[in-house]
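**Q** Pasting a predicted model and its sequence here:
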Amino acid sequence: MIIEKSDILKPPAPLRATRSPSPAPPPIHPRVHYSNTPTIPPSYKEFPRASITYVFTPLPHNAMRLASPEPPVPGAQQPYHISVSLNCFTPSSYITSIRRNKEDGELVGDFEMGSSASKIPSTVCFKGNEHPIDDILVNSSRLFRNYWIWKSPDPDKYLYWDDNAGGGVITCFSTKDRTSATFLAKFSPRSHLRRQGRPTEYTKLEVAPLGHHMFEDILMSALIIERLRTNPT
């Protein structure tokens with residue numbers, strides 16, 4: 001009997017062991033991706049690498065604008081529109097309002113203050129809540145030096161201002177120790193009268209990189225302190 005090659009049975013293919021799918025790796029908490037880097041509030045996605053000097057420039061209708069120099073510096077804060085209006089019931093009391101970007105922008109807060117003899121208590125509304133200014137800003141003096149402590153509505157956040165630099169300049173630190181590591185900001189009112197052929201000098205607010213995480217606290221407290229210093233007695 002002749003056997004055809006096609007009739008020769010081929011050896012069966014080796015059986016392959018079936019492998020169950022690998023279980024999905026456990027989720028990784030996002031904090032792992034950032035190691036020990038502190039989280040940054042959503043409104044401050046990037047800190048500037050150096051201090052930025054913002055300038056107060058006048059606007060019509062009892063207002064001014066705070067903005068960084070042009071062109072914009074990476075990490076610089078957005079502009080702010082600052083306006084002053086009268087309390088209609090007590091025209092001797094003034095309300096300063098701070099808004100983001102423009103005149104009808106989002107309200108950051110406001111504060112009202114009259115003369116020292118006014119019967120209306122001075123108040124500040126910040127982050128949606130109103131407080132007597134004396135509860136938020138502590139004022140004291142020591143040997144020809146004035147200092148102020150701003151107690152932010154956020155827990156455990158304080159700003160320490162003083163006028164030790166002289167010349168109407170006030171500086172802000174994150175602790176009572178005045179060191180370069182704790183420096184946050186410097187408010188400098190204009191010091192020169194206007195003269196022909198010389199650029200107009202404006203009031204400035206210098207903010208250090210780490211000061212940007214409390215930028216609006218710095219701005220609000222600086223405006224209140226300057227108002228207190230220049231308020232007629």
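**A** Here it is on my side, so go on. Quick caveat, the model's predicted, so the values are computed rather than measured.

**Q** Flag the shaky bits of this structure, pLDDT-wise.
**A** Where the chain drops to pLDDT under 70, the residues are 1-45, 116-117, 232-233.

**Q** which secondary structure element contains the residue most central in space within it?
**A** The centroid of the chain falls nearest to Phe215 when counting by CA atoms, centre = their mean (2.1 Å). Element membership for Phe215 (DSSP states H and E) is helix 215-230.

**Q** show me where the protein has helices.
**A** Assigned by DSSP state H, the helices in the chain fall at 30-33, 133-136, 215-230.

**Q** Any chance of CSV for these, columns distance to Ser68?
**A** Backbone N, C-alpha and C define where each C-beta goes, glycine included. Supplementary listing: those in CSV, determined by distance: least, CB to CB, whole Å:
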stretch, distance to Ser68
helix 30-33, 30
helix 133-136, 26
helix 215-230, 11
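
**Q** hey, which of the ones you listed is tucked in deepest?
**A** Ranked by mean neighbour count under mean count of other CB atoms under 10 Å, those are led by helix 215-230, which reaches a mean of 20.

**Q** which residues sit against it?
**A** If you take CB atoms under 8 Å, 6 or more residues apart in numbering as the criterion, helix 215-230 is touched by 44, 66, 77, 80, 82, 96, 98, 108-109, 111, 113, 124, 126, 133, 137, 139, 146, 148, 150, 152, 154, 157, 159, 161, 168, 170, 172, 184-185, 187, 189, 205, 207, 211.

**Q** Just the buried ones out of those residues, please.
**A** 66, 77, 80, 82, 96, 98, 108-109, 111, 113, 124, 126, 133, 137, 146, 148, 150, 152, 159, 161, 170, 172, 184-185, 187, 189, 205, 207, 211 (16 or more other CB atoms under 10 Å).

**Q** quick one: which of the residues you listed sit in strands?
**A** Taking DSSP state E as the definition of strands, the buried ones among the contacts of helix 215-230 contribute 66, 80, 82, 96, 98, 108-109, 111, 113, 124, 126, 137, 146, 148, 150, 159, 161, 170, 172, 184-185, 187, 205, 207.
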